[in-house]
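> Turn this into a structure:
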Amino acid sequence: MNNTTKYLFNFAYDNQISIILDKKINVPFSDPKRRLVVINNYEPFPLAHEIAHILNDDPGILYFTQSKSSIEGGANKLAVKLLAEYYFDELDPELYNIDTFIRYYHIPTYLRDYCFDVIKWSKN
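Okay, the predicted model is just below:
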């Protein structure tokens with residue numbers, strides 16, 4: 001488990017969200033009603049995405065996808081914000097690099113413009 005994943009686990013705990021690791025499932029999912037995330041590995045972006053579904057109070061049980069639909073898109077955007085808050089927290093703004101951030105967390109490239117907006121906001 002890397003430092004980002006530890007950060008996300010602590011963030012989830014602080015927000016009364018339970019996380020279960022189950023390597024037998026094919027796709028991570030969340031159950032906002034039960035405030036539960038089930039993951040199959042420790043990849044930060046899918047974990048942040050599922051946490052975001054709960055924070056967004058999305059309806060029903062939701063499976064990780066990189067869709068642009070409103071519910072999935074909203075979870076993707078909040079996931080980017082959660083990861084950016086951690087990644088850029090102690091980084092000198094002169095060293096900010098959007099493409100490094102996207103590659104590091106395997107963020108879908110269609111979110112690049114959104115990542116840029118979040119990073120630009122982080123510099124202020």
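
> State the distance from Asp113 to Ile119.
Computed as CB to CB, to the nearest Å, the Asp113 to Ile119 distance reads 11 Å. Heads up, the C-betas are built off the backbone N, CA and C, glycines and all.

> swap that for Ile39, sorry
Using CB to CB, one gets 26 Å for the distance from Ile39 to Ile119.

> quick one, which of these two is more surrounded?
A side-by-side neighbour count of Ile39 and Ile119, using other CB atoms under 10 Å, places Ile39 first with 23 against 18.

> in this structure, which ranges drop under the pLDDT threshold?
When residues are selected by pLDDT under 70, those of the chain lie in 1, 65-68, 121-124.

> Geometrically speaking, which residue is the centre of this protein?
Centroid-nearest residue in the chain: Ala48, 2.2 Å away (criterion: CA atoms, centre = their mean).

> helix or strand right after the helix or strand hosting Leu47?
With elements taken from DSSP states H and E, the one containing Leu47 is helix 44-55. On the C-terminal side of helix 44-55, the closest following helix or strand by DSSP H and E is strand 62-63.

> Which strands border that following strand, and is each parallel or antiparallel?
Strand pairing for strand 62-63, using DSSP bridges, gives strand 29-31 (antiparallel).

> Give me the distance between the partner strand and the centre of its chain.
A distance of 13 Å separates the centroid of the chain from that of strand 29-31, by CA atoms, centre = their mean, to the nearest Å.

> Pull the residues that contact that strand.
36-38, 50-51, 53-54, 58, 61-64 (CB atoms under 8 Å, 6 or more residues apart in numbering).

> Leaving out chain neighbours, which residue sits closest to Asp57?
Excluding the flanking residues, the one nearest Asp57 by CB to CB, 6 or more residues apart in numbering is Pro32, at 5.8 Å.

> quick one: that neighbour and His53 touch, right?
Yes. Using CB atoms under 8 Å, Pro32 is in contact with His53, at 5.8 Å.
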